[in-house]
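Student: Sequence unavailable; structure follows:
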């Protein structure tokens, strides 16, 4: 568990950044950010790709809203690989990303990342990844820089992280890896995150391990126990979550959960989309507070045995 100082703000981990993305959403970006602010969610992630290609009228509305949100909340500027890969944004490059950084104020920001194609060797991909990280690391005062590393297998990802830490120890304050790069199943992913966390902890400074694209509560609680500090995903926009057993359900199934949370109990007449999103934001806020309490009181392991299964936990090498 970490306390990250960001000027006058403090971010405690483990934590969850709901992603505000253009991909497959039913709201404008400004509406989603306003929604997160209105419901006092402490941190959000915004895609620089979305900001870059946003219509000027919408951008003029969104940027002041982002600055207003940052008075109390923590804003993470992501490089936008996810959105650019889905929309095949061939004009999106590191120069475009850096130009957007200049126009945007944030508390966290990531390096410009790319996926490895089959024609690129491991050596060439490592070189390109490291060059992008170095070129992206242009801000330092009161912000956290997340170096993103990708690889096609968990074994290669661990090797790449080790190599990066050896060559660039000054840029390892925060490393971000994608959940899907960490393995095929939850046990392999947990083992990968545990190994990466152990390598990072040998760097003798406050290190943050961020997991990209991870919002499943059961994965988050297990990965937090293995050393992950923060997460982001679109899950809050795609599903509804049952606070009783931390299970994820179809977005249209909120009524089936028989949920008694504050949102479900008091906003029964509200628009369904807004009620479901508010339900999810409240869930994640309570969920991360609970994880922090479990870690602080050193009772996370019994909780995992109960909610994930002792038989699963015992399969993870190193725990």
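Tutor: Looks like it came in fine. For clarity, every value in this text was computed on a predicted model and none was experimentally measured.
Student: Tell me where the stretch 51-200 of the chain has strands.
Tutor: Assigned by DSSP state E, counting those that start in this stretch, the stretch 51-200 of the chain shows strands spanning 74-78, 108-110, 144-148, 174-178.
Student: Residues in contact with the first one: which ones?
Tutor: Same thing as strand 74-78. Residues outside strand 74-78 that contact it (Cβ atoms under 8 Å, 6 or more residues apart in numbering) are 6, 9, 11, 17, 19, 42-48, 66, 69, 100-101, 104-110, 146, 232. In short, each C-beta sits where N, CA and C put it, glycine included.
Student: and that strand, average pLDDT?
Tutor: Mean pLDDT, strand 74-78: 96.
Student: Mind listing the strands that strand pairs with, and their directions?
Tutor: strand 43-47 (parallel), strand 108-110 (parallel) (DSSP bridges).
Student: Make a markdown table from these and add distance to residue 164, mean pLDDT and mean neighbour count to it.
Tutor: Below are the strands paired with strand 74-78 laid out as a markdown table (distance: least, Cβ to Cβ, whole Å; pLDDT from 0 to 100; neighbours: other Cβ atoms under 10 Å):
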| stretch | distance to residue 164 | mean pLDDT | mean neighbour count |
| --- | --- | --- | --- |
| strand 43-47 | 22 | 95 | 24 |
| strand 108-110 | 14 | 96 | 25 |
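Student: need those in JSON lines with distance to residue 57, can you?
Tutor: Below are the strands paired with strand 74-78 laid out as JSON lines (distance: least, Cβ to Cβ, whole Å):
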{"stretch": "strand 43-47", "distance to residue 57": "18"}
{"stretch": "strand 108-110", "distance to residue 57": "25"}
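Student: Of all these, which one comes closest to residue 251?
Tutor: For the strands paired with strand 74-78, the distance to residue 251 is smallest for strand 43-47, at 19.1 Å, taking Cβ to Cβ.
Student: quick one: low-confidence ranges for the stretch 201-319 of the chain?
Tutor: Along the stretch 201-319 of the chain, segments meeting pLDDT under 70 span 203-206.
Student: let's see 90
Tutor: 201-207, 266-271, 274, 317-319 (pLDDT under 90).
Student: ranges for the helices of it?
Tutor: Under the criterion DSSP state H, counting those that start in this stretch, the stretch 201-319 of the chain contains helices at 217-225, 235-238, 262-266, 272-296, 300-304, 310-313.
Student: and among the ones you listed, the most buried is which?
Tutor: Across the helices of the stretch 201-319 of the chain, averaging neighbours per residue (mean count of other Cβ atoms under 10 Å) puts helix 217-225 on top, at a mean of 23.
Student: now the angle from it to helix 272-296?
Tutor: If you take axes from the mean of the first three to the mean of the last three Cα atoms, to 10 degrees, helix 217-225 sits at 30 degrees to helix 272-296.
Student: residues making contact with helix 217-225?
Tutor: 14, 16, 179, 186, 189-190, 193, 211, 214, 228, 231, 241, 246, 248, 287, 291, 295, 300-301, 303-304, 307-308, 313, 319.
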